[in-house]
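> structure for this input, please:
(2 chains)
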Amino acid sequence: METALRATGTEPRSSRHGTAVELVDVHKWYGEFHVLKNINLSVAEGEKIVICGPSGSGKSTLIRCINRLEEHQKGRIVVQGTELTSDLRNIDKIRADVGMVFQSFNLFPHLTVLDNLCLAPTWVKKMPRAEAEKTAMHYLTRVRIPEQALKYPGQLSGGQQQRVAIARSLCMTPRIMLFDEPTSALDPEMIKEVLDVMIELAQSGMTMLCVTHEMGFARSVADRIIFMDRGEIVEQGPPSTFFNNPREERTRTFLSQILNH
Amino acid sequence: MALADETRVPGAPRNSALDWLYRREGRQIIGQVLIVIILGAFLWMVVSNTIYNLQKQNIASGFGFWDNTAGFDISQTLIPYSATSSYGHAFWVGLLNTLLVSVIGIVFATIVGFSVGIARLSNNWLVARLATVYVEVARNVPLLLQLFVWYFAVLKNLPGPRDSIQLPGGSVLNVRGLSLPAPVPQSGAGMVLVAAIVGMVAMIALNVWATRRQRETGQPFGRLLPSLALLLGLPILAAALMGFPFTFDYPVLRGFNFQGGIVVLPEFIALLLGLVFYTGAFIAEIVRSGIQGVSRGQKEAARALGLTSGQMLKLVVIPQAMRIIIPPLTSNYLNLTKNSSLGVAIAYPDLVSVFSGTVLNQTGQAIEVISVTMLVYLTLSLSTSAFMNWFNSRMKLVER
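Numbers count the residues shown, from 1 in each chain, chains lettered A, B, ... in the order given. Next up is the predicted model:
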């Protein structure tokens, strides 16, 4: 069970408890708008982090900086020992280690589920097609939809699409997974099936950074919860202290809004 | 009967013969009958009026003129034709000239359009700006005017035959057109042809093999250079072994003009340039909007998976952009074909110029000539769109 979601031959280095992601004094501006202010964050290998905060607080931008979908303008970001600079080789190396799941799934609509999963392994890792298909079916079984392999994304429900998207990322055997509001576009009855897959992934020892408003998930899975507001990390801590004894007034306001409705 | 009475709404008028006038079906039938009557009356009026006028002017209708001697020359003929050929023959010459400029125009307009469309999205400021300027100029100047510019301002201002511009390889450009050396096969040229065919087959086989190898081992095979070697190298090698069994018929200045070689008329060059320059700009806009129509999320997902920008374009963006691009691309291909009839203004001997122009003037058979011409353009357009619809249905996304 512990290694259920990990392909053979990719033993995690979590036993060494090294640092997976390190952000030092990171700043980012959109024109005049200061989206990220002085972000300092260190994520240990195997650690599960949930990032929450009001909309526009910069939480999505923060995790999108980690695989260079957004560029930071000041500070240092180091992923698995490689610093993110404008050096394309470093970016390629980091993207190979970091998987990402989006709010809007972003499956490739012109390819079948199986082809969606095989695309990156065959073209980026130069894996033989037969091996890529075997890996793909392995992960499709893990997210519990192997029977949908030959369908197109448009023929699946939202929850199924998001599970395919998770499997697609896992096919590249990443060390770190980024989740950008993975359940926000889903109908309530489909949220659980996606969260179940994420919980199983967390139990397998994957390093995870999740932007989410699912506080139940945060409570049961997260090692640490980070609260962001107006581009800053306001407060962070383990779920027990974060939910029961928040220090900051802004955190209390946010929690009261999100928990009492 | 009792059943009908039971279903009647209380208080509604009793069933009568005129009841159907108040139902939707009844009204639709009345409307359609009226339209048929009006249309029929109009057509009868047009036809009877035409027949009456033709009889009054003593013009025989029918295609009897088709086999009569044309008695005029055509400046560009792809099939043997002389002044003693028939009108029907002239029709085919004109049709082939229209097809020639349209097909070559479509190929080049597509190349120009895709290059400029991608250039407009370039991160390189200068490239993007130049592409924008080209698109705005070409789209906003009328095509007829552009043809005049190419023909009268550019090509008609070239030097005369005696001061011709010598191009590399023995080609000559002057006010009378572009003269290219024509290859004349000697004994042994057949071997070169065989080598070219073998090279082409081998190239296809190599590409099939390379695709299969990538599927099975994951290792890509650099196929560009070997393909080129097979396609070009093999015929060249064969030609070298046979001692280059070709002589060239070079254009030579004799008297006031060049003789020999293949002559490309300035009218053809001007029409081709105009059509390609004009249609290419529209295609560029279609390509740009198609690429931009692929959502940002698709590109982000591709980059997050580690695909290079080239792979992203080839595997994710272009396949999805094509479904946006194809329908408007079709209508631009049709436009180009139909616009080629503007060649009449610069004396390019296309179908409209030869058939609806000279043949019509000489025979006076306006109805027959115009109907045939219209039918030809209709056939060309419908076959083009049938092909593009088939292509489009192959690219369509599966939903539900």
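
> spell out which parts of the stretch 151-300 of chain B neighbour chain A.
B:214-220, B:295, B:297-298, B:300 (C-beta under 8 Å from any C-beta of the partner chain). In this view, the C-beta of every residue, glycine as well, is placed from N, C-alpha and C.

> for B:Asp172, helix, strand, or coil?
Asp isn't right for residue B:172; it's Val. strand (DSSP: H, G, I helix; E, B strand; the rest coil).

> with A:Ile258 instead?
helix.

> give me the mean pLDDT for stretch B:183-192.
Across stretch B:183-192, pLDDT averages out at 79.

> save the residues of the stretch 151-300 of chain B next to chain A as CSV, and put in secondary structure and neighbour count too.
CSV is the format used below for those (DSSP: H, G, I helix; E, B strand; the rest coil; neighbours: other C-beta atoms under 10 Å in any protein chain shown):
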residue, secondary structure, neighbour count
B:Gln214, helix, 18
B:Arg215, helix, 14
B:Glu216, helix, 12
B:Thr217, helix, 15
B:Gly218, coil, 18
B:Gln219, coil, 10
B:Pro220, coil, 13
B:Ser295, coil, 13
B:Gly297, helix, 14
B:Gln298, helix, 19
B:Glu300, helix, 20
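
> ok, those vs B:Leu232, which is closest?
B:Pro220 (22.4 Å; C-beta to C-beta).

> which residues does the closest one contact?
A:126, B:210, B:214 (C-beta atoms under 8 Å, 6 or more residues apart in numbering or on different chains).

> now those residues as CSV including distance to A:Thr251?
CSV is the format used below for those (distance: C-beta to C-beta, whole Å):
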residue, distance to A:Thr251
A:Lys126, 47
B:Ala210, 58
B:Gln214, 53
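
> export these to JSON lines and tack on pLDDT?
As requested, those are exported to JSON lines (pLDDT from 0 to 100):
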{"residue": "A:Lys126", "pLDDT": "89"}
{"residue": "B:Ala210", "pLDDT": "85"}
{"residue": "B:Gln214", "pLDDT": "79"}
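
> pull the distance from the lengthiest helix in chain A to the chain's centre.
Counting by DSSP state H, the longest helix found in chain A is helix A:188-203. Centre-to-centre, helix A:188-203 and its host chain are 13 Å apart (C-alpha atoms, centre = their mean, to the nearest Å).

> so is whichever helix or strand comes after that helix next to chain B?
Remark: after helix A:188-203, the chain's next helix or strand is strand A:207-211, criterion DSSP states H and E. No. Using C-beta under 8 Å from any C-beta, strand A:207-211 stays clear of chain B, with a minimum separation of 13.4 Å.

> which residues of the stretch 151-261 of chain A fall in helices?
A:158-170, A:188-203, A:215-221, A:239-244, A:249-259 (DSSP state H, counting those that start in this stretch).

> check which helices and strands the fourth one is in contact with.
Helix A:239-244 sits against helix A:215-221, strand A:224-229, with contacts defined as 3 or more C-beta pairs under 8 Å, 6 or more residues apart in numbering or on different chains; DSSP states H and E.

> strands paired with the shortest one, and their directions?
Partner strands and pairing direction for strand A:224-229 (DSSP bridges) are strand A:48-52 (parallel), strand A:232-237 (antiparallel).

> ranking these by burial, who's on top?
strand A:48-52 (a mean of 25; mean count of other C-beta atoms under 10 Å in any protein chain shown).

> how big is the angle separating that strand from helix A:188-203?
140 degrees (axes from the mean of the first three to the mean of the last three C-alpha atoms, to 10 degrees).

> tilt between strand A:48-52 and helix A:249-259?
90 degrees.

> name the surrounding residues that touch strand A:48-52.
Contacts for strand A:48-52 (C-beta under 8 Å, 6+ apart): A:43, A:59, A:62-63, A:202, A:207-213, A:215, A:217-218, A:221-228, A:254, A:258.

> can you get me a residue count around A:Arg224?
Using other C-beta atoms under 10 Å in any protein chain shown, A:Arg224 has 18 other residues around it.

> excluding sequence neighbours, find me the nearest residue to it.
The shortest distance from A:Arg224 to any non-neighbouring residue, by C-beta to C-beta, 6 or more residues apart in numbering or on different chains, is to A:Ile49 (5.2 Å).

> any idea how far the one you found lies from chain B?
18 Å (C-beta to the nearest C-beta, to the nearest Å).

> quick one: low-confidence residue ranges for the stretch 251-400 of chain B.
Within the stretch 251-400 of chain B, the stretches with pLDDT under 70 are B:397-400.

> where do the strands sit along it?
B:252-254, B:257-259, B:262-264 (DSSP state E, counting those that start in this stretch).

> show me what counts as buried in the first one.
Judged by neighbour count (16 or more other C-beta atoms under 10 Å in any protein chain shown), strand B:252-254 contains no buried residues.

> name the helices or strands packed onto it?
strand B:257-259.

> and the strand it packs on, which strands flank it?
strand B:252-254 (antiparallel).

> quick one: contacts of the partner strand?
Outside strand B:252-254, the residues that reach it (C-beta under 8 Å, 6+ apart) are B:161-162, B:164, B:258-260.

> try 10 Å this time
For strand B:252-254, contacts defined as C-beta atoms under 10 Å, 6 or more residues apart in numbering or on different chains pick out B:161-162, B:164, B:170, B:172, B:174, B:179, B:258-261.

> picking up where we left off before, TSV for the helices and strands packed on helix A:239-244, including mean pLDDT?
Output for those, formatted as TSV (pLDDT from 0 to 100):
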stretch	mean pLDDT
helix A:215-221	92
strand A:224-229	94
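
> so which of the ones you listed is nearest A:Leu88?
If we rank these by C-beta to C-beta, the stretch that ends up nearest is strand A:224-229, at 29.4 Å.

> now do that closest one: distance to the chain's middle.
Per C-alpha atoms, centre = their mean, the centroid offset for strand A:224-229 relative to its chain is 15 Å.

> next, the angle strand A:207-211 makes with it.
30 degrees.

> could you dump strand A:224-229 to CSV, C-alpha only?
Written as CSV, here are the backbone C-alpha positions of strand A:224-229 (Å, rounded to 0.1, in the frame of the first residue of the first chain):
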residue,chain,number,x,y,z
ARG,A,224,1.6,21.6,7.2
ILE,A,225,-1.0,24.2,6.1
ILE,A,226,0.1,27.5,4.7
PHE,A,227,-2.3,30.4,4.7
MET,A,228,-1.6,33.2,2.2
ASP,A,229,-3.2,36.6,1.8
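
> turn the strands paired with strand A:224-229 into a markdown table, columns for mean pLDDT.
Listed next are the strands paired with strand A:224-229 as a markdown table, based on pLDDT from 0 to 100:
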| stretch | mean pLDDT |
| --- | --- |
| strand A:48-52 | 95 |
| strand A:232-237 | 93 |
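
> and the end-to-end length of stretch B:306-313?
13 Å (C-alpha to C-alpha, to the nearest Å).

> hmm, back to that, I'd like to know which of the contacts of strand A:48-52 are buried.
Using 16+ other C-beta under 10 Å, the buried ones in those are A:43, A:59, A:62-63, A:202, A:207-212, A:215, A:217-218, A:221-222, A:224-228, A:254.

> so what's A:Cys52 bridging to?
A:Phe227.

> burial check on B:Gly190, number of neighbours?
12.

> tell me how far it lies from B:Phe248.
18 Å (C-beta to C-beta, to the nearest Å).

> swap in B:Tyr22?
In terms of C-beta to C-beta, B:Tyr22 sits 84 Å off from B:Phe248.

> check A:Leu88 too.
49 Å.

> so what's the nearest residue to B:Ser61 once chain neighbours are set aside up against?
Counting by C-beta to C-beta, 6+ apart, the nearest residue to B:Ser61 once its immediate chain neighbours are dropped is B:Leu54, at 6.0 Å. B:Leu54 sits next to B:60-61, B:366-367 when contact means C-beta under 10 Å, 6+ apart.

> what's the burial count for B:Gly117?
25.

> tell me the SS of it?
On the basis of three-state DSSP, B:Gly117 is classed as helix.
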